[in-house]
Structures are given as structure tokens and as C-alpha cells.
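> what follows is a predicted structure for the sequence shown.
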Amino acid sequence: MSRLLQTATKLTRIACQALPGGTRAQTCLYSTNVSTGDEVTVERLEGSKKGITVLGLNRPAAKNSFSRGLVETFSEILQELKKDNYSRVVVLRSTSPDIFCAGADLKERKGMSQDEAREFVTKLRNLLISIEQLPMPVIAALDGAALGGGLEMALACDIRTAANNAKLGLVETRLAIIPGAGGTQRLPRILSPALAKELIFTARVLDGAEAKQLGLVNHVVPQNETKDAAYNQAIKLAEEILPNGPVGVRMAKLAIDKGMQVDLKTGYSIEEVCYAQVIPTKDRLEGLAAFAEKRKPIYKGE
């Protein structure tokens, strides 16, 4: 049992459940405080989907808004997940239809002092940085509204899928504040500075199709009756990644992420360093052998 599951045992419980299509998943319900409830779920898919770990926001009564408890719980999960070699792809979703995340818990925020509010936003920003810095690819599945901090969380992921009726927007200026968990930095890098400014200044809310047209999401799909179309699309993408060498995928992510922060010449050097990490791996030799033998490679992340 990995440290991720060991932590789950300490915090609450582990239960196995059947998923649609006969796929079994081990589901861990996490909470660092009994009063917060089971605010984040962790599902480790099995069968042909083995290697996909699904994180579920599970605070439906509060529209998955970020409370102190949720931020603390999620942060602990990510600390374990980044060391979990089992997980080759992570999918981030909501367990509730129609809502991904409504951003900060404004009811809780209203009772905070200025210092408490600053401290909370810092912790939230660090949480999203932890998502961004996970070594494996992270896909956000937006089947419902992702507003304010909810969209900031999605922006911290590598890839985003959205249902056509999802609502996306950095709406903080409506409350006389700004996106404070990385939104002012990630959005202009994903789109362009001018377009990011327009969306943030106006607090405009986009549907999934509009978000796809602007390049805010990678894929948009028609919503289905079970309201999990974006999640299904995210799983399909994850399944495309699974057959590839996990060390190679992780090094590709690192090279891209680090390279985007520097000049092109330095970026080439970063790529060289990342490539050097895959040279001595058993997976590289397995890939060459499989090619020569005309068979599918079996990668172990070694």
C-alpha cells in the first residue's frame, strides 16, 4: 500500500466501489477535521485505466468553495500524491453535477480579519502551485461552473476539458478584489496579456464553447444526461497518455514548464538536462526493444 493510501487510512477510511463500465476504483475519503466532512475523494482506477488517479472535490453544500478545511485537506493529499509513482495521470473533477468550484468560501471569508484573509489566500495560492508542480500530467474536467478560485485551480492544471454548458470566469473584480491564487499570472501565459486583461477587468463569464474558441480549454464536449461529459473526455485523454513512458512524460512536462519561464537559449539547456534523465532508464531500452520486436512496450517507470 502506498503512502497515499496509508494516509487515507489514518484520516478517514478506504472503501472500494464499482464505477460505470465495470471499472473498479479504490476510493479514499479524506478529511483532516471531522467537522469538515469528506471534502476530497481520491479514486485509483483499475483495469485498463490503471495509473489514473481521480481527485474529486466533494463539498456540494458549499459548491466546492475553498474553506480552510478543504485547502488543508487538499494540500496534504498533494504532498503524498507527488511521491506516488503509481499515479501516471491525475484527473481533477467535482463529485457534484453543475458545479466544479465556486472559488473562495465567502461566508467563511466574511468572518476573517485582514491578516487572516491574507494568510488564507497565501495558502490557497500555494495549494494551486502544488497542483501545478505535480510531476505527472493533471487534467481538469469542468462539467460545471468554475468561477474565481475555481477557474484558477483549473488554470493550474496541464490540460482542461469542459462541457459546452460549463461556466468559466475570473470574476473577482466584481467583489472589488483581484484573482489572488495565480490567475493574474497563469491566464496571460495561457492566452495573451491583452485578452487576460479584458477577461479579468470585465469579470466576464464564458461558456465551454467560448472558452474553447479562446484557447482557455483544450476540449469542449456536449453535456450528457449524467452531467459528466467533460470527465469522460478527461479520462479518454488520460488513457492516451497511459501507454507512454511515465518518466518520459514527466520529464517532458518539466522541460515545458521550466522552459516557458526562461529565454529560449536557457530553455534548450533545460531540455538537455531533462533528456539526460531518460537516457539511463530501463523504459528507454524497453521502448527500443519493443520497436525492434514490433510489439507494444511495457513501461514500468524505471
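Right, received. Where do you want to start? Numbers count the residues shown, from 1 in each chain.

> going by C-alpha atoms from here, please, whenever you check contacts or count neighbours.
Noted.

> okay, residue 128 and residue 172: tell me how far apart.
Between residue 128 and residue 172 the distance is 17 Å, computed by CA to CA, to the nearest Å.

> who has more neighbours out of those two?
For residue 128 versus residue 172, the count of surrounding residues by other CA atoms under 10 Å is larger for residue 128: 23 against 19.

> hmm, the more buried one is touching residue 153, no?
Yes: under the contact definition of CA atoms under 8 Å, residue 128 touches residue 153, with a separation of 5.9 Å.

> doesn't residue 146 belong to a strand?
Yes: if the criterion is DSSP: H, G, I helix; E, B strand; the rest coil, then residue 146 is within a strand.

> okay but it is in contact with residue 171, surely?
No: contact between residue 146 and residue 171 fails when scored by CA under 8 Å: they sit 10.1 Å apart.

> the more surrounded of those two?
Taking other CA under 10 Å, residue 146 and residue 171 do not tie; residue 146 has more neighbours (28 against 23).

> tell me what that one is bridged to.
When bridges are taken as DSSP bridges, the partners of residue 146 come out as residue 101, residue 168.

> state the distance from it to residue 270.
Using CA to CA, one gets 33 Å for the distance from residue 146 to residue 270.

> same question, residue 60
Distance of residue 60 to residue 270, computed by CA to CA: 42 Å.

> between these two, who's got more neighbours?
The neighbour comparison of residue 60 against residue 270 (other CA under 10 Å) goes to residue 270, with 19 against 16.

> the more buried one and residue 135: what is the separation?
Residue 270 sits 16 Å away from residue 135 when distances are taken as CA to CA.

> could you do residue 90 as well?
As defined by CA to CA, residue 90 lies at a distance of 10 Å from residue 135.

> same drill for these two, tell me which one is more crowded.
Neighbours per residue, other CA under 10 Å: of residue 90 and residue 135, the larger number sits with residue 90, 27 against 24.

> list the contacts of the more buried one.
If a contact means CA atoms under 8 Å, 6 or more residues apart in numbering, then residue 90 has 52-55, 136-139, 238 as its contacts.

> helix, strand, or coil at it?
Following three-state DSSP, residue 90 is assigned to strand.

> for the closest residue to residue 194 other than its chain neighbours, grab the count of nearby residues.
Closest residue to residue 194 apart from its sequence neighbours, by CA to CA, 6 or more residues apart in numbering: residue 188 at 7.6 Å. Using other CA under 10 Å, residue 188 has 14 neighbouring residues.
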